[in-house]
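Student: For reference, the sequence and a predicted model appear below.
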Amino acid sequence: MSANERAGRKEWIALGVLALPLLLVSMDVSVLYFAVPFISADLGVNATEQLWIFDIYGFVLAGLLITMGSLGDRIGRRRLLLFGAIGFGLASIAAAYAQNPEQLIAARAVLGIGGATLMPSTLALIRNLFHDPKQRSKAIAFWSAVMMGGITLGPVLGGFLLEHFWWGSVFLINTPAMVLLVVLAPMLLPEFKAPVGGRFDLLSSVLSLAAVLPVIWGIKELAANGASALPVVAIVAGLVFGVLFVQRQRSAAHPMVELSMFRNRAFSGSLAANTVGTLALVGNAVFLTQYLQLVHGLSPLKAALWSLAPSVLVGGAAPLATALAAKMDRAYVIGGAFVLAASGYGVLTQVHVDSSLVVPLVGAGLLAAGLVMVMTLVTEAVVGSVAPERAGSASAVMETCAEFGGALGIAILGSIGTAVYRSDVPADLPATVAAPVHDGLPAATAAAAHLPAELADTVLTTARHAFTHSMNAVALVGALLLLATAVATTLTLRGTTHTNPTDDEPAPAAAPEPEEPNLLSAV
């Protein structure tokens, strides 16, 4: 298919096939929210094991994205997609029928490996299916909508399955879709691999894993447990390995990531915008979930169902972004989308304990709609600003940055919220309740369940007011961050709309530097 050839019915059907793994991988991040109590009761999971069941999937996924994106470029993106689908389906069965916490953690780790193969493969194959820029923009808008829909639907689907089936059903739901993908992909998806892939660089793979995992783990630990030595050491170690990874890419004959991509303003500016967007989205989700459940007293399933309400605004965001970007410089659309998202945070600054549910849901809807517009356009910019043979590694880099953004959202906005919350807790609380109230709204709510009615009311009132104040402060910081990002991305991305390399004229690869005979080049 030439650069000017438009996609037909087969390509659009193939896009629907690609939506299957993307939907399931994005749902798998959140589908466990309601299942953990059932898993804990059935398998005897302790607190540490529970954290690993939650986190191991995201850790492995983030650590292997760059490796798998590069591997797909070398061995074939469809082939890697099929390997990942088979692994994801088998790991889902193993997780559903796990007999102990260790088996479940191992299965979740394998799910993370499968997810790392599926996500960059889906986006890179869109680059091969849709060569016409306008059609590719629409396809990526659909890709973005499916990914956001999976994250949103995960808790709802999990709650529904747990009301009717056992906890393993939240994993088993993946298998039929993966079987369908394995059957349809060879018929509908083209194979693609880089013309000159070179030998797979195992050392770069190890270095990327050693760089990403400690940093994300350290950030999450700091957010969850406060400042301590071990997370800081982990972050520093990860940064050191990150420097070694970059040096390896400069010296390798066939690098895993072409550093020349980062000299493209459309690529690097879009990566930064996507990272900030994910930070803002994840950071707000943490507070909104607690507000719905612990301030308004909704059950987890009802809270998940109410959280679908903003989808009314979000549903049209991706197509709107694509339509606007076709008529004007996408830099201005991205800047305007950040302003729209900031207005959502502005609404959230007005949320109080006795606010109607309309207020936080409208704020969350505006925030999500603006950020979906941003993510749609920056994803298209990242994929479209590189030659087709680099689409896999470019997609993997973008998704890795999104993982960092999510971790930073929890760490930065969560830490700000915690500081404001604790500063609002009165110092004259009775000694019997001071500690749980100081620990946060979840701890205060749990403690109140075992207190006399009058004291419980005091604890809940104090904790809820402090929490909503902290939510207001986080929303203000988030709004200012998004407004600053709107200005920065508009200036950075302005004029980059029509600089994408064509499929017929791929961007030239940088000439490899001569390798010195040392340990790094010998691997």
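Tutor: Sure thing, it's come through.

Student: Tell me which helix or strand comes right after the helix or strand A266 falls within.
Tutor: Assessed by DSSP states H and E, A266 sits inside helix 265-290. Downstream of helix 265-290, the first helix or strand assigned by DSSP H and E is helix 300-306.

Student: tell me what that next one is packed against?
Tutor: In terms of contacts (3 or more CB pairs under 8 Å, 6 or more residues apart in numbering; DSSP states H and E), helix 300-306 is packed against helix 133-164. Where C-beta positions appear, they are placed from N, C-alpha and C, glycine not excepted.

Student: now the angle between helix 265-290 and the helix it packs on, please.
Tutor: Angle of helix 133-164 versus helix 265-290, following axes from the mean of the first three to the mean of the last three CA atoms, to 10 degrees, is 20 degrees.

Student: going on from helix 133-164, what's the next piece of helix or strand?
Tutor: Trace forward from helix 133-164 with DSSP H and E and the next one is helix 169-172.

Student: what comes up buried for that next one?
Tutor: 169-172 (16 or more other CB atoms under 10 Å).

Student: What average pLDDT does that helix get?
Tutor: For helix 169-172, mean pLDDT rounds to 86.

Student: what does stretch 470-490 give?
Tutor: 94.

Student: Need the contact partners of that stretch.
Tutor: 269, 272-273, 276, 279-280, 283-284, 287, 291, 331-332, 334-336, 338-339, 341-343, 345-346, 348-351, 363, 370, 413, 416-421, 424 (CB atoms under 8 Å, 6 or more residues apart in numbering).

Student: Please, where are all the helices along the stretch 1-150 of the chain?
Tutor: 9-28, 36-43, 47-75, 77-96, 101-129, 133-164 (DSSP state H, counting those that start in this stretch).

Student: Counting by contacts, list what the fifth one packs against.
Tutor: For helix 101-129, the contact count by 3+ CB pairs under 8 Å, 6+ apart identifies helix 9-28, helix 36-43, helix 47-75, helix 77-96, helix 133-164, helix 358-384, helix 391-408 as packing neighbours.

Student: Of all the residues in the third one, which ones are buried?
Tutor: Judged by neighbour count using 16+ other CB under 10 Å, the buried positions of helix 47-75 are 49-50, 52-75.

Student: So which other helices or strands are in contact with it?
Tutor: By 3+ CB pairs under 8 Å, 6+ apart, helix 47-75 packs against helix 36-43, helix 77-96, helix 101-129, helix 202-225, helix 391-408.

Student: Need the mean per-residue confidence for it.
Tutor: 77.

Student: And that helix, how far out from the chain middle?
Tutor: Relative to its chain's centre, helix 47-75 lies at 12 Å (CA atoms, centre = their mean, to the nearest Å).

Student: Report the separation between the closest residue to P101 other than its chain neighbours and R108.
Tutor: In this structure, P101 finds its nearest non-sequential neighbour in E49, 4.2 Å apart by CB to CB, 6 or more residues apart in numbering. Plainly put, E49 is 11 Å away from R108 if you go by CB to CB, to the nearest Å.

Student: likewise A95?
Tutor: Taking CB to CB as the measure, A95 falls 6 Å from R108.

Student: do A473 as well
Tutor: Applying CB to CB to A473 and R108 gives a distance of 34 Å.

Student: Neighbour count: these two, which is higher?
Tutor: R108 (25 against 19; other CB atoms under 10 Å).

Student: can I assume the more buried one is in contact with A96?
Tutor: No: contact between R108 and A96 fails when scored by CB atoms under 8 Å: they sit 11.5 Å apart.

Student: which one is V156 nearest to, not counting chain neighbours?
Tutor: Using CB to CB, 6+ apart, the nearest residue to V156 is A304, at 4.6 Å.

Student: S395 contacts I66, correct?
Tutor: No: counting by CB under 8 Å, S395 sits too far from I66 to count as a contact (10.1 Å).

Student: any residues in contact with both of the two?
Tutor: Common neighbours of S395 and I66 (CB under 8 Å, 6+ apart) do not exist.

Student: which residues touch the closest residue to L125 other than its chain neighbours?
Tutor: Ranked by CB to CB, 6+ apart and with sequence neighbours excluded, the top spatial neighbour of L125 is R77, at 5.3 Å. By CB under 8 Å, 6+ apart, R77 lies in contact with 121, 124-125, 128, 191-193, 392.

Student: so can I have CSV of the residues you listed showing pLDDT and distance to L184?
Tutor: As requested, the contacts of R77 are arranged in CSV below (pLDDT from 0 to 100; distance: CB to CB, whole Å):
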residue, pLDDT, distance to L184
S121, 79, 15
A124, 79, 18
L125, 82, 13
N128, 77, 16
E191, 79, 14
F192, 77, 17
K193, 73, 20
G392, 72, 21
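
Student: Which pair of these spans the longest distance?
Tutor: Distance extremes for the contacts of R77: the farthest pair is E191 and G392 at 12.5 Å, using CB to CB.

Student: Surely N100 and N46 touch.
Tutor: No: using CB under 8 Å, N100 makes no contact with N46, being 11.8 Å away.

Student: rewinding a little: now the angle between helix 358-384 and the helix holding A266, please.
Tutor: Using the same axes, to 10 degrees: helix 265-290 against helix 358-384 is 150 degrees.

Student: Report the inter-axis angle for helix 265-290 versus helix 391-408.
Tutor: Using the same axes, to 10 degrees: helix 265-290 against helix 391-408 is 40 degrees.

Student: Quick check: which ranges of the stretch 401-523 of the chain have low pLDDT?
Tutor: 497-523 (pLDDT under 70).

Student: One more pass at 90, please.
Tutor: Within the stretch 401-523 of the chain, the stretches with pLDDT under 90 are 401-463, 492-523.

Student: Can you give the distance from the helix ranked longest in the chain to the centre of its chain?
Tutor: Identified as the longest helix of the chain according to DSSP state H is helix 453-493. Put simply, helix 453-493 sits 21 Å off its chain's centre (CA atoms, centre = their mean).

Student: pLDDT weak spots in the stretch 251-400 of the chain?
Tutor: Applying pLDDT under 90 to the stretch 251-400 of the chain flags the ranges 251-272, 274-275, 278-279, 281-331, 354-357, 364-365, 368-369, 372-373, 375-400.

Student: can we see that at 70?
Tutor: 387-389.

Student: Going by secondary structure, the closest residue to P214 other than its chain neighbours is in what exactly?
Tutor: Spatial nearest neighbour of P214, excluding adjacent residues (CB to CB, 6+ apart): G238 at 3.5 Å. According to DSSP H and E, G238 maps onto helix 229-251.

Student: got the contact list for that helix?
Tutor: 201, 203-204, 207-208, 210-215, 217-219, 221-222, 225, 255-259, 513, 515-516, 520-521.
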